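Novice: Below are the sequence and a predicted model; questions follow.
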Amino acid sequence: MGDILVQRGAVTPEQVGDAVDMQADDRTKRLGDVLVGLGHASSADIAAALADQYGLPLRGLRESDLEPAVTRLVPAELAFRHQVLPLGRTGDLLVVAMADPTNLTALDDLRFVTGLRVETVVADAEEVRRLVEDQYLHQVMGAGDSDDVQVLSEDDDGDLSDVQSMAREALVVRLVNLLLRQAVAERASDIHIEPFERELVVRLRIDGVLRDVPAPSKRLQAAIISRVKIMAEMDIAERRLPQDGRIKVRVEGREIDLRISTVPTLYGESVVMRLLDRDTGLMSLEGLGFPEATRARFEKLLKTPYGILLSTGPTGSGKTTTLYGALQQVVSPTRKVITIEDPVEYQLHGVNQIAVRPRIGLTFAEGLRHILRQDPDVIMVGEIRDHETADIAIHSALTGHLVFSTLHTNDSAGAIARLLDMGIEPFLVASSLEGVLAQRLVRRLCPACKRAYEASDAELSDLGPLRSWLRGVELYAPAGCDECRGTGYRGRVGLYELLVVDEAVQELILRRASSQEIKESAQSRGLVTLREEGWQKVLDGITSLEEVTRVTHEDEAAMGVGDDARGGE
């Protein structure tokens, strides 16, 4: 194996030597697995070498090539245990893909269970694992369904010891682990486990959109939820009150932080697990997809010695990620930087980070009050939620601190109205606020399957003045393929609207002008709105018309200033 990999140029002799030395400590591990674990080779490299070594065909796997009738020939338990995937049948010959063609026990089991002759092809271990889970997960999760109905009173918690033991059963542990692995493999940001009267629904949020996945049997609901709560060290006996917890797990060699939230519903506890992949690292402003002109203006604001910079948008629009990118720009040995967050999502070198704990009185406002006694230069407040936090943040900016924070508003001008509604005096807002960055995340079209087309008049009818941008222009729409799991999209990119608070905006703030007046004034001086930037992404073939319409909400009067807006980036 080592010689073949070296000959193929996949590894060096020194790397093989390292793996052999490590393998000597644990003879149960195969050389290929050790090389993959060390990062010297990929699972695809190992599959190609195994095919060479044993003279077997190497097969690339695609979901569209699988035949349900053939897949059903192999029981789910057998497919999971041996990591085998049936590909096709001709007469009494069954062709199966395996990552380990030396697994003779698997071949014997397949012959015995199917009664067929078995022919082996070698495939990438990661592809085999992913497709086995996709094809058989519903069988494993649905095992043991029963139509029996057990009626419990609302106050009947059942036998807690039974739930605890069920939560530790191998099947339940495996189901939760499979769900976590699937979520990580599909780049999901959240896992939703939702109980209803006759079923348990499981959904993953991928690229901002929820998608159903095969769900476990309703009878396993209590055990699965208890398993998650045990992992997060939550109180499994308390099912009537909301709870929060955290888990740190390692999935496929990647360190994942999970934030767990449970709330009681009519048919049991609803669980949401938010995934934070610590191995992906922080993104710089360049990597977030800022248009060049917007990024240049934003970086200029970051050099301001004091004042407030706000990032606004709905939940999940990437506000915190943007602020982390901004913090990386301002951190230096000559500055003291302190953050107060709920919770701390990434650990930043050189930054003092505080997690709020409302149960013991450490709120944003209370923490911020004490942070000021630490003599900081830069402060990040995770979110301005109330008058007290806003008041302290603004006075911090006026006394020589650079303050970053977030607000939940629809656009950049709306942040000013929100601060005024919180009871902050207009002269304080005008004096302290330096800029507001509104943002959204839109899904990227899958480059492998996006299709070109020309928008119809019906599609353009609701776009107001901006319809002239897109009439007669070649646009792209989602199609769907194996790479994007049939969605037509893969990954996301940001849309940004940066409002710089100049003298004209300050005057409007002082006379309590409406958000619309402020926005129109800024547009006349070059502000590019979220929707306008979205249209530019459409023209560039990055996203689709329907995506921009889905994530931006602007009335026709605010949607553009004519064809000149096209050059806004």
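Specialist: Perfect, I can see it now. Numbering: from 1, shown residues only.
Novice: so what's the residue nearest the centre of the chain closest to, chain neighbours aside?
Specialist: When the chain is reduced to its mean C-alpha position, the nearest residue by C-alpha atoms, centre = their mean turns out to be residue 189, at 2.9 Å. Distances taken as C-beta to C-beta, 6 or more residues apart in numbering place residue 205 nearest to residue 189, at 5.1 Å, with adjacent residues excluded. Quick note: C-beta positions are derived from backbone N, CA and C, even for glycine.
Novice: list the contacts for the nearest residue to residue 287 once chain neighbours are set aside?
Specialist: The shortest distance from residue 287 to any residue other than its chain neighbours is 7.8 Å, reached at residue 325 (C-beta to C-beta, 6+ apart). By C-beta atoms under 8 Å, 6 or more residues apart in numbering, the residues touching residue 325 are 282, 283, 284, 285, 287, 288.
Novice: what's the answer for residue 107, then?
Specialist: Residue 107 touches 118, 120, counting by C-beta under 8 Å, 6+ apart.
Novice: Tell me the secondary structure of it, please.
Specialist: helix (DSSP: H, G, I helix; E, B strand; the rest coil).
Novice: Now for residue 413, how many residues are close by?
Specialist: 30 (other C-beta atoms under 10 Å).
Novice: wait, is it part of a helix?
Specialist: Yes: judged by three-state DSSP, residue 413 forms part of a helix.
Novice: Low-confidence stretches in the stretch 351-500 of the chain?
Specialist: Applying pLDDT under 70 to the stretch 351-500 of the chain flags residues 462-466, 469.
Novice: can you rerun that using 90?
Specialist: Where the stretch 351-500 of the chain drops to pLDDT under 90, the residues are 355-364, 382, 385, 408-411, 453-475, 479-487, 490-493.
Novice: Okay, buried residues for the strand or helix carrying residue 174 please.
Specialist: According to DSSP states H and E, residue 174 maps onto helix 170-185. Buried residues in helix 170-185, counted by 16 or more other C-beta atoms under 10 Å: 171, 172, 173, 175, 176, 178, 179, 180, 182, 183, 184.
Novice: Name the nearest residue to the fourth one, sequence neighbours excluded.
Specialist: Read it as residue 175. Per C-beta to C-beta, 6+ apart, closest to residue 175 is residue 216, 5.5 Å.
Novice: show me what contacts the closest residue to residue 318 other than its chain neighbours?
Specialist: Nearest residue to residue 318, sequence neighbours excluded (C-beta to C-beta, 6+ apart): residue 441, at 5.3 Å. Residues in contact with residue 441, defined by C-beta under 8 Å, 6+ apart, are 208, 316, 317, 318, 492, 493, 494, 495, 551.
Novice: can you check residue 399 too?
Specialist: By C-beta under 8 Å, 6+ apart, the neighbours of residue 399 are 306, 372.
Novice: My read is that the residue nearest to residue 175 contacts residue 202, right?
Specialist: Yes: using C-beta atoms under 8 Å, residue 216 is in contact with residue 202, at 7.2 Å.
Novice: Counting neighbours, go ahead and name the busier of these two.
Specialist: residue 216 (27 against 22).
Novice: Do you know the pLDDT at that one?
Specialist: Looking at residue 216, its pLDDT is 76.
Novice: repeat for residue 69
Specialist: Model confidence at residue 69 (pLDDT) stands at 87.
Novice: Would you double-check that it falls in a helix?
Specialist: Yes: under three-state DSSP, residue 69 sits within a helix.
Novice: number of nearby residues for it?
Specialist: With other C-beta under 10 Å as criterion, residue 69 counts 9.
Novice: Report the separation between it and residue 261.
Specialist: Distance, residue 69 to residue 261, using C-beta to C-beta, to the nearest Å: 41 Å.
Novice: what residues are up against residue 500?
Specialist: 297, 301, 434, 435, 522.
Novice: Please convert the buried members of these into ChimeraX selection syntax.
Specialist: Listed next is the ChimeraX selection for buried residues among the contacts of residue 500, using 16+ other C-beta under 10 Å:
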select :297,301,434,435,522
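Novice: Helices - which of the contacts of residue 500 land there?
Specialist: When these are checked against helices (DSSP state H), the matches are 297, 301, 522.
Novice: what residues are up against the first one?
Specialist: By C-beta under 8 Å, 6+ apart, the contact list for residue 297 reads 435, 498, 500.
Novice: got it, and the second one?
Specialist: Contacts were defined as C-beta under 8 Å, 6+ apart; by that measure residue 301 touches 309, 434, 435, 500.
Novice: tell me which of these is nearest to residue 474?
Specialist: residue 500 (34.2 Å; C-beta to C-beta).
Novice: Next up, phi/psi of the closest one, please.
Specialist: Reported as degrees, to the nearest 10, the phi and psi values for residue 500 are phi -90, psi 130.
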